[in-house]
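Colleague: Structure of the sequence below:
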Amino acid sequence: MKESERIYRMLGELAPAKEEMPGGGCTDSGEETLKKKLKQLTFVLIELELFLDTHPTDQEAIACYQARKAEWEQLKMAWEEEHGDISGEGVKRWSRVDLPWPWQKEA
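Modeller: A predicted model of the protein is given here:
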């Protein structure tokens, strides 16, 4: 088996969310599922970028990267529509700074 086939097989399918797992178990909320998929896709994209650093002409890896990147962008847009900026770049000031500090709370 070629190295690239092994990589594609490992990265080809993301781990199912808890609600998709056979045998029941606890289920994630939609927010947790979306967050988990974003994290998984981020990992896959980083791994594919590293693979492409050493195999820059591998067309199958390039196509896989582009497909996963498009999927990540869609999930990112869905997250930001519901929860705001995912990168934190749009945050001007952290709201917790305005809250009383532990030593400022009345006993």
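
Colleague: alpha carbons only for contacts and neighbour counts from here, please
Modeller: Noted.

Colleague: Which pLDDT does the model give Glu20?
Modeller: The model reports Glu20 with a pLDDT of 49.

Colleague: sorry, that was for Ala17
Modeller: On the pLDDT scale, Ala17 is placed at 46.

Colleague: same check, this time on the one 10 residues further on
Modeller: At Thr27, the model reports a pLDDT of 51.

Colleague: just Cys64 next, same as before
Modeller: Per-residue confidence for Cys64 comes out at a pLDDT of 92.

Colleague: for Ala70, same thing?
Modeller: Here, the pLDDT recorded for Ala70 equals 95.

Colleague: And Arg93, by the same measure?
Modeller: Each residue has a pLDDT score; the one for Arg93 is 65.

Colleague: can you offset everything so residue one is 19?
Modeller: Renumbered: residue one is now 19, and that last one reads Arg111.

Colleague: Residues touching the helix or strand hosting Glu91, excluding its own?
Modeller: With secondary structure defined by DSSP states H and E, Glu91 is part of helix 77-101. Defining contact as CA atoms under 8 Å, 6 or more residues apart in numbering, one finds that helix 77-101 is touched by 22, 26, 52-53, 56, 59-60, 62-63, 66-67, 69-70, 104.

Colleague: Just put those residues in JSON lines and tack on distance to Pro120 and pLDDT.
Modeller: Below are the contacts of helix 77-101 laid out as JSON lines (distance: CA to CA, whole Å; pLDDT from 0 to 100):
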{"residue": "Ser22", "distance to Pro120": "53", "pLDDT": "56"}
{"residue": "Tyr26", "distance to Pro120": "50", "pLDDT": "56"}
{"residue": "Leu52", "distance to Pro120": "33", "pLDDT": "87"}
{"residue": "Lys53", "distance to Pro120": "30", "pLDDT": "87"}
{"residue": "Leu56", "distance to Pro120": "34", "pLDDT": "91"}
{"residue": "Leu59", "distance to Pro120": "38", "pLDDT": "93"}
{"residue": "Thr60", "distance to Pro120": "36", "pLDDT": "93"}
{"residue": "Val62", "distance to Pro120": "40", "pLDDT": "93"}
{"residue": "Leu63", "distance to Pro120": "40", "pLDDT": "94"}
{"residue": "Leu66", "distance to Pro120": "44", "pLDDT": "93"}
{"residue": "Glu67", "distance to Pro120": "44", "pLDDT": "94"}
{"residue": "Phe69", "distance to Pro120": "47", "pLDDT": "93"}
{"residue": "Leu70", "distance to Pro120": "49", "pLDDT": "94"}
{"residue": "Ile104", "distance to Pro120": "28", "pLDDT": "76"}
